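Novice: Sharing a model prediction with you, sequence too.
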Amino acid sequence: MKKTPEELRSARWFGGEDLRSFGHRSRAKQMGYAAEDFAGKPVIGIINTWSDLTTCHSHFRTRADEVKRGVWQAGGFPVELPAMPVNETFMKPSPMMYRNFLAMETEELLRSQPIDGAVLMGGCDKTTPGLLMGAISMNIPAIYLPAGPMLRGNWNGQVLGSGSDVWKYWDEKRAGRITDCEWNEMEDGIARSPGHCMTMGTASTMTSIAEALGMTLPGAASIPAVDANHSRMATACGRRVVEMVWEDLKPSDILTHESFRNAITTDMAIGGSTNAIIHLVALAGRAGINLDLKEFDEISQRTPMIANLRPSGQYLMEDFYYAGGLRALLNQIRDLLHLDCQTVSGATLGEDIARARLCNPEVIRSVDHPVSVSGGTAILYGNLAPDGAVIKPTAAEPRLLTHVGPAVVFSSYNEMLERIDDDDLDVDENSVLVLQNAGPLGGPGMPEWGMLPIPKKLLQRGVRDMVRISDARMSGTSYGACVLHVSPESFTGGPLALVRNGDLIELNVTGRKLNLLVADNELAQRRELWKPQPPRYQRGFGALYVEHVTQAHLGCDFDFLHTGAETSEPEIH
Ligand code: FES
């Protein structure tokens, strides 16, 4: 049943006859609005993560105006609310430290102000989970508007993909195979329009997941940022969220265990970023749903990877859009999805994808002709990772997926940088590079250090992949036999802290195993000698972070944000 204007949340601010309501109305009029503009209308908060340094969102000031156009058309009252512009490129020590900050800010911006519904504007990696986590906890009608990928990179007639080609050509430069001049030319061509990274990195993965969860309008995740269809999508979000307020269609009506299973299936079919696992666990936790890492592995084993996109495949997001985009991909795997899940469109996922057309079967493969017969991510367990670790086998050299080799251990990223290219480093192509103290607390913020560089002397011998193990994450645009998210992390005394140079490590992706081949009594002795380091922060947001962040297998949310009784609406006095 449709809501009445008196039932709007914002009516508590604008609808009364008391002193405070006078203040709220007079201050709305201070902006030049008349009562006809806002009285009895859904107030739509447009949460905008624009900033000059969030370069993936450089078109968001225009897009916010286009969202407003839709809100006005549908009879709502739009207000733009800037929020923590978490960006992947410039924020240190790691933008992951600030995902929960954005989630808290989103939730409290919506709660503390007269907002009936929200359009969430994000796209750069952590913004998608951050905005959605906050909106799930606030639980008012909300639509996610993804920034859209940037155009393909271009250098010398060759297509360049964000991240993936940077790592690739950096190794070629270190091996002496490309010149400084060529490297500088690439800098001009790799990021040549607004929009997020256009490989199937974390940004494209998370926006696709938002669509599969039902939190975007159909087709929204694949439209390139600079395409005129993106502007029309922004306006459509504004129109639709006003209707959602009247329908009272909230995240809790959309997000179920089945919709999260759809999201995981999608993640596997697109060959999504390993980061998605952490974010999905955190998002589900906000919705009161417990996602075990084993569920990811189970879905991975039965889901073919059919998106032929870098870093696991060949093409880029612009090609994916022209091939039919995410809807066409979901249509290919419709037998693996819960099609009756509700989406923000007001229809079911099955209805949203029913008319999707596949225009290029090389970019979006069929399930009978996949890029890989199983999904893009595998979960490993063993005495080195009792709570799990993650690998993206589709982005690794197959010969390394079953491997035993001696460890070369670095106790910090700085130590690794100092030693990795040393000619005297005792390393060969069978070695296993191990990085410690790079997890949620040790990094801090679990930086994307997991794709450790190949030692220069091996690069020069033609080695391009090795087994690498850490409690860090890696960029969704990265590739290689990198075991990530080892949990519990070494900084807290997890088994990774006990590894020493020369120890044999066994990786068996088919068997889902990661083991340190050292006797238990020897490990017990090493544990006795292990000493914890002091926390990385003693004050400020960092202190809040180190006190409350959970481990990777639990989603790295703050413990107090996914537990406890529901927060009540603010009193207005
Ligand atoms: Fe923003 Fe990659 S830097 S998505």
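Specialist: Arrived safely.

Novice: so where do the strands sit in the protein?
Specialist: 43-48, 77-82, 117-122, 142-146, 153-155, 158-160, 378-382, 385-391, 402-410, 432-435, 467-470, 482-483, 504-508, 513-516 (DSSP state E).

Novice: Using TSV, lay out the ones you listed together with mean pLDDT and mean neighbour count.
Specialist: The way it works is simple: take the backbone N, C-alpha and C, and place the C-beta from them, glycine included. What follows is the strands of the chain, written out as TSV (pLDDT from 0 to 100; neighbours: other C-beta atoms under 10 Å):
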stretch	mean pLDDT	mean neighbour count
strand 43-48	98	26
strand 77-82	98	19
strand 117-122	98	29
strand 142-146	98	30
strand 153-155	95	18
strand 158-160	95	17
strand 378-382	96	22
strand 385-391	97	24
strand 402-410	98	19
strand 432-435	98	26
strand 467-470	98	30
strand 482-483	96	28
strand 504-508	98	19
strand 513-516	98	21
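
Novice: Reformat those as JSON lines; add distance to the ligand.
Specialist: Shown next, in JSON lines, are the strands of the chain (distance: least, C-beta to the nearest ligand atom, whole Å):
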{"stretch": "strand 43-48", "distance to the ligand": "15"}
{"stretch": "strand 77-82", "distance to the ligand": "18"}
{"stretch": "strand 117-122", "distance to the ligand": "10"}
{"stretch": "strand 142-146", "distance to the ligand": "11"}
{"stretch": "strand 153-155", "distance to the ligand": "12"}
{"stretch": "strand 158-160", "distance to the ligand": "14"}
{"stretch": "strand 378-382", "distance to the ligand": "24"}
{"stretch": "strand 385-391", "distance to the ligand": "19"}
{"stretch": "strand 402-410", "distance to the ligand": "26"}
{"stretch": "strand 432-435", "distance to the ligand": "22"}
{"stretch": "strand 467-470", "distance to the ligand": "20"}
{"stretch": "strand 482-483", "distance to the ligand": "18"}
{"stretch": "strand 504-508", "distance to the ligand": "28"}
{"stretch": "strand 513-516", "distance to the ligand": "28"}
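
Novice: so which of these comes closest to residue 558?
Specialist: Residue 558 lies closest, by C-beta to C-beta, to one member of these: strand 385-391, at 18.4 Å.

Novice: quick one: contacts for residue 376?
Specialist: In this structure, residue 376 makes contact with 267, 268, 270, 271, 272, 300, 305, 312, 392, 393, 394, 395, judged by C-beta atoms under 8 Å, 6 or more residues apart in numbering.

Novice: from those, which is closest to the ligand?
Specialist: The nearest member of these to the ligand, counting by C-beta to the nearest ligand atom, is residue 272 at 13.5 Å.

Novice: Quick check: that closest one touching residue 208?
Specialist: Yes. Contact criterion C-beta atoms under 8 Å: residue 272 and residue 208 qualify, at 7.0 Å.

Novice: Just want the residue of the stretch 251-400 of the chain that's nearest the ligand.
Specialist: In the stretch 251-400 of the chain, the residue found nearest to the ligand is residue 273; the distance is 10.3 Å by C-beta to the nearest ligand atom.

Novice: For the closest residue to residue 463 other than its chain neighbours, the count of nearby residues, please.
Specialist: Once flanking residues are discounted, residue 463 sits nearest to residue 429: 4.8 Å by C-beta to C-beta, 6 or more residues apart in numbering. Residue 429: 16 surrounding residues under other C-beta atoms under 10 Å.

Novice: so residue 429 makes contact with residue 459?
Specialist: No. With contacts counted by C-beta under 8 Å, residue 429 stays clear of residue 459, the gap being 10.6 Å.

Novice: could you pull out the helices for the stretch 301-450 of the chain?
Specialist: Under the criterion DSSP state H, counting those that start in this stretch, the stretch 301-450 of the chain contains helices at 317-322, 325-332, 349-353, 413-419.

Novice: One more: the stretch 51-200 of the chain?
Specialist: For the stretch 51-200 of the chain, applying DSSP H, counting those that start in this stretch gives helices covering 60-73, 99-112, 127-138, 164-174, 180-189.

Novice: worst average pLDDT in those?
Specialist: Mean pLDDT per stretch puts helix 164-174 lowest among these, at a mean of 88.

Novice: buried set for that one?
Specialist: Buried residues in helix 164-174, defined by neighbour count with 16 or more other C-beta atoms under 10 Å: 164, 165, 166, 167, 168, 169, 171, 173, 174.

Novice: ok so, going back, of all the helices of the stretch 301-450 of the chain, which one comes closest to residue 399?
Specialist: helix 413-419 (23.8 Å).

Novice: chain center to the closest one, what's the gap?
Specialist: 27 Å (C-alpha atoms, centre = their mean, to the nearest Å).

Novice: tilt between the lengthiest helix in the chain and strand 77-82?
Specialist: Looking across the chain with DSSP state H, the single longest helix is helix 228-247. Comparing the axes of helix 228-247 and strand 77-82 via axes from the mean of the first three to the mean of the last three C-alpha atoms, to 10 degrees yields an angle of 120 degrees.

Novice: helices or strands next to helix 228-247 in the packing?
Specialist: Applying 3 or more C-beta pairs under 8 Å, 6 or more residues apart in numbering; DSSP states H and E, we find helix 228-247 packed against strand 43-48, helix 60-73, strand 117-122, strand 142-146.

Novice: among these, which is nearest residue 346?
Specialist: strand 142-146 (11.2 Å).

Novice: Which neighbouring elements make contact with that closest one?
Specialist: Packed against strand 142-146 by the contact rule (3+ C-beta pairs under 8 Å, 6+ apart) you find strand 117-122, helix 127-138, helix 202-213, helix 228-247.

Novice: where does the residue nearest to residue 480 when sequence neighbours are not counted land on pLDDT?
Specialist: Leaving aside its chain neighbours, residue 480 sits nearest to residue 465 (5.0 Å; criterion: C-beta to C-beta, 6+ apart). pLDDT, residue 465: 95.

Novice: what's the answer for residue 479, then?
Specialist: Residue-level confidence at residue 479 comes out at 84, pLDDT.

Novice: Hmm, residue 392 and it touching each other?
Specialist: Yes. Assessed by C-beta under 8 Å, residue 479 is found in contact with residue 392 at 7.5 Å.

Novice: Common neighbours of the two, please.
Specialist: Common contact partners of residue 479 and residue 392 (C-beta under 8 Å, 6+ apart): residue 312.

Novice: Helix 180-189 and the helix or strand of the chain with the lowest mean pLDDT, what's the angle between them?
Specialist: For the chain, using mean pLDDT, DSSP states H and E, the weakest element among its helices and strands is helix 164-174, scoring a mean of 88. Angle, helix 164-174 to helix 180-189, by the same axes, to 10 degrees: 170 degrees.

Novice: Okay then, goodbye and thanks.
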